[in-house]
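*Asks:* here is a sequence with its predicted model. Questions after.
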Amino acid sequence: MRYTFVFILLLILIGCQTADPGYQGPVNARGSEFPYPQLSDYGFFVGALQEQQPNEGVLPYELITPLFTDYAHKARFVWMPTGKKATVNAEGTVQFPDEAVLIKTFYYPANFRRPEAKHDLVETRLLMKVDGSWQAYTYVWNDDHTDAKLNIVGDYQDVTWIDLDGQKQRIQYVVPNKNQCKSCHNRKQELQPIGPKVRNLNQTITYADGPANQLDKWQALGYLEWEGQAQNAMAVADWDAPTSGTLHERALAYLDINCGHCHHPEGPAHTTGLYLQADQSNGTKLGLCKTPVAAGKGSGGRTYSIVPGEPDSSILVYRMEDTDPGIMMPELGRVVRHEEGIALIREWIAAMDEACE
Amino acid sequence: MPRFLLPILVAFLITGCAQNVPDIPLAEELYTKIQEQLIMAQPGDIITLPAGEYRFDRPLSLDGIVGVTIRGAGMNETVLSFKDQKVGAEGLKITADSVTIENLTIQDTNGDCIKLQDCTGVTLRNVKTTWSGGAKEANGGYGLYPVACTGVLIENCEASYASDAGIYVGQSRGVVVRNCYAHHNVAGIEIENCINSEVYNNRAEENTGGILVFDLPDLPVVNGHSTKVYNNTILSNNHRNFAPAGNIVGIVPPGTGIILLAAKNVEIYNNDILDHKTFGTAIASYHITEKPWENQDYDPYTYDITIRNNTYERKKALPDLSKDFGKMVNLVFKGRPQDILYDGIHDDGREGGTNPMNICIEQAGDDLRFAMIDAANDFDNVQTNLTPYQCVDQ
């Protein structure tokens, strides 16, 4: 008993000693000096870095339908220099000003059923716009989660969690290198953000001062110069929320964010002729009865990307269900299957009733 | 089975498995060093790889930096193995202009050995790609794989055991493949949806098909044209077709010298096309695949073809029976390999009398086995007479 008491006392003492108020200054992000060696150098967060409390001007945001990355949770933030604004182009993609930074921290709650409790921070990726073009850098967290260090060539991290079914999961998470970032974040061979589009931001989230639509909030804060209004703008379906759209809309929303960045007429997979955008109305471009081009063993012996009504005959499903790097799609960004995404795409294909010749 | 054999069998299996563990350790330090150099490179840098055999578990990549050379110590001296690769499908992935890769081997990648995409100015020289376990369906698709590039030179390279094509150039302009050795692939050398290509002084041997010139539908670049295939040795391409089903090269029958599929403006001359059991050269429309397409601009026909002064020697063997294309030969000619086979499928809209697709064949000697098999009409009007296809001086 006595020992326990001493032990607890000791713990408290150590705890007190390490309780650091953390960073309290302003954001320090000058494009000409990017990238800094440590994440803490930017001052994007106040207090203990691992708590990810955004500094003034650092705004959290969420996407309606996000990209799957091995079940990682993602905390997203945007920062822009004082007085700078983003605009919206004709396609509804948010165009950020120079020196804007998109910040995304990948983390795993120890127990997915209690996501707010203890979690494991893996990496924080920064997309920074410098002199008109985007640069990608990733920072890998140290074991104590006190800071994250710039990583150029990529890394592996052992990650474990308890999933929503209470099962223990263990993977070797892959931190991408700069070139691999661009292999997804790519439009006309220029690095580009994927997520921030009007239709994927158009939802209400909870801010420190209460709930608000993200587009309204960005406009109110002067982060977005846009003639549109959130309530009149399109919103993409939430792939995981059946009430948010039809099965077709949810499937396309899922394919758009997970595949459409590469499988786009101006993306790295433009050579395939398979273009998976949320507004794709051409069946062949969507993969219906479309023969593969350079799939190799990725075809799985199947003839068409999608055989209507037959998920088990569709190459799309085969490649989503595999984890062999020579077969799986997406090519990067996952080492496990996204079971819930597969279920959605299977359901979508099964519900189609045309037939291939 | 006697009971005492079981433990022996188990022990044997365990030992057997243990032997599958790669004997080369991961060269993690070298990987980090080289990949960092590739990311931090300045335009024009030469990045050298030391002699030796090294195993990496993820791809090396170069992006956006102009004029970089990646140079090994020699084709057989610097060997990069990607056996048991954990991340990415390629060995080398290049998206950069004016790139040169030379003097090295890339092998055992999960997918393609070297993929270059959207590059202007590609030189691959003294590069070898292979899969060390032999011909397997699980091998990667392509050895050397430039796609959507402009200005591609592939010379003095060797490519083997690809489950699709050893040397594959797709959707590119201005392509030269010369002095290369492609063997034991499904397709030795494939030019697909390209414009202005030359394939010469190569040796394509023991593939399923030696050299393919294809044009496929529903791609951003369709209706490729203008290919010259000359001074090549195309020899004994009788290998079983080990392409995974669903891939277009799956149609190639063992025993194929050259196939032209939906190809336009192709000249084939001064080649030795020897020892094929199905056909030396096939001229075919995309219709022969019986696959659908959607793009209305796609032209599925093969036309404006010249075949002259080649040496044909047939293999004395039963033509292939594993693929429809081979079965067709057997159906019409019962066990007799052909030198030049033309499917006869033509565009009804074209004029030109008995030779609307402008197929010109000028081969010396009277031993040539030529056939137009009238595939569109159930082989009703098979012709072996070359007269309609004699070249006309223009």
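*Replies:* Yep, it's here.

*Asks:* tell me where the stretch 1-150 of chain A has helices.
*Replies:* Taking DSSP state H, counting those that start in this stretch, the helices of the stretch 1-150 of chain A run over residues A:2-18.

*Asks:* what stretches of it score poorly on pLDDT?
*Replies:* Scanning the stretch 1-150 of chain A with the threshold set as pLDDT under 70 gives A:1-20.

*Asks:* can you list the weak-confidence ranges in the stretch 201-350 of chain B?
*Replies:* Along the stretch 201-350 of chain B, no part satisfies pLDDT under 70.

*Asks:* near chain A, which residues of it?
*Replies:* Applying CB under 8 Å from any CB of the partner chain, one finds that the stretch 201-350 of chain B approaches chain A through B:216, B:218-220, B:244-248, B:291-295. The C-beta positions use only the backbone N, C-alpha and C, and glycine is treated the same way.

*Asks:* which bits of the stretch 151-300 of chain A sit near chain B?
*Replies:* Contacts of the stretch 151-300 of chain A with chain B, taken as CB under 8 Å from any CB, map to A:152-154, A:156, A:172, A:174, A:177-180, A:182-183, A:189, A:265, A:268, A:270-273, A:282-285, A:289-300.

*Asks:* most neighbours of all the residues of the stretch 201-350 of chain B next to chain A, which one?
*Replies:* Tallying neighbours with other CB atoms under 10 Å in any protein chain shown puts residue B:247 at the head of those, with 27 neighbours.

*Asks:* that residue reaches residue A:298, doesn't it?
*Replies:* No. Residue B:247 sits out of contact with residue A:298 when judged by CB atoms under 8 Å, with a separation of 9.2 Å.

*Asks:* and for these two, which residues touch both?
*Replies:* In the contact map built from CB atoms under 8 Å, 6 or more residues apart in numbering or on different chains, the residues linked to both residue B:247 and residue A:298 are residue A:292.

*Asks:* on that earlier part again, which one of the residues of the stretch 201-350 of chain B next to chain A is nearest residue B:58?
*Replies:* In terms of CB to CB, no member of these lies closer to residue B:58 than residue B:244, at 23.3 Å.

*Asks:* what residues does residue A:98 make contact with?
*Replies:* Per CB under 8 Å, 6+ apart, neighbours of residue A:98: A:31, A:81, A:84, A:129, A:130, A:131, A:132.

*Asks:* without its sequence neighbours, what residue ends up closest to the third one?
*Replies:* What it means is residue A:84. Sequence neighbours aside, residue A:97 is the residue nearest to residue A:84 in space, at 4.0 Å (criterion: CB to CB, 6 or more residues apart in numbering or on different chains).

*Asks:* next up, the contacts around that neighbour.
*Replies:* Contacts of residue A:97 (CB under 8 Å, 6+ apart): A:80, A:81, A:84, A:85, A:86, A:129.

*Asks:* all helices of the stretch 251-357 of chain A, in order?
*Replies:* Assignment of helices within the stretch 251-357 of chain A using DSSP H, counting those that start in this stretch yields the ranges A:283-286, A:315-321, A:339-350.

*Asks:* can you lay out the ones you listed as JSON lines showing mean neighbour count and mean pLDDT?
*Replies:* JSON lines is the format used below for the helices of the stretch 251-357 of chain A (neighbours: other CB atoms under 10 Å in any protein chain shown; pLDDT from 0 to 100):
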{"stretch": "helix A:283-286", "mean neighbour count": "19", "mean pLDDT": "92"}
{"stretch": "helix A:315-321", "mean neighbour count": "23", "mean pLDDT": "96"}
{"stretch": "helix A:339-350", "mean neighbour count": "17", "mean pLDDT": "97"}
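
*Asks:* of all the ones you listed, which one is nearest residue B:115?
*Replies:* Taking CB to CB as the criterion, helix A:315-321 is the member of these that comes nearest to residue B:115, at 17.0 Å.

*Asks:* what about residue B:359, how many neighbours?
*Replies:* Counted with other CB under 10 Å, the neighbours of residue B:359 add up to 23.

*Asks:* was I right about it contacting residue B:389?
*Replies:* Yes. The pair residue B:359 and residue B:389 passes the contact test of CB under 8 Å, sitting 5.1 Å apart.

*Asks:* so stretch B:169-178, near chain A or not?
*Replies:* Yes. Using CB under 8 Å from any CB, stretch B:169-178 comes into contact with chain A via B:170, B:171.

*Asks:* mean confidence for that stretch?
*Replies:* Mean pLDDT, stretch B:169-178: 98.

*Asks:* may I have it as PDB, with CA atoms only?
*Replies:* As requested, the backbone C-alpha atoms of stretch B:169-178 are provided in PDB (Å, rounded to 0.1, in the frame of the first residue of the first chain):
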ATOM      1  CA  VAL B 169       5.300   1.800 -75.400                       C
ATOM      2  CA  GLY B 170       1.800   3.200 -75.200                       C
ATOM      3  CA  GLN B 171       0.000   6.400 -76.200                       C
ATOM      4  CA  SER B 172       3.300   8.000 -77.100                       C
ATOM      5  CA  ARG B 173       4.800  10.000 -80.000                       C
ATOM      6  CA  GLY B 174       8.200   9.700 -81.600                       C
ATOM      7  CA  VAL B 175       9.300   6.300 -80.500                       C
ATOM      8  CA  VAL B 176      12.500   4.300 -81.300                       C
ATOM      9  CA  VAL B 177      13.100   0.800 -80.000                       C
ATOM     10  CA  ARG B 178      16.400  -0.600 -81.300                       C
END
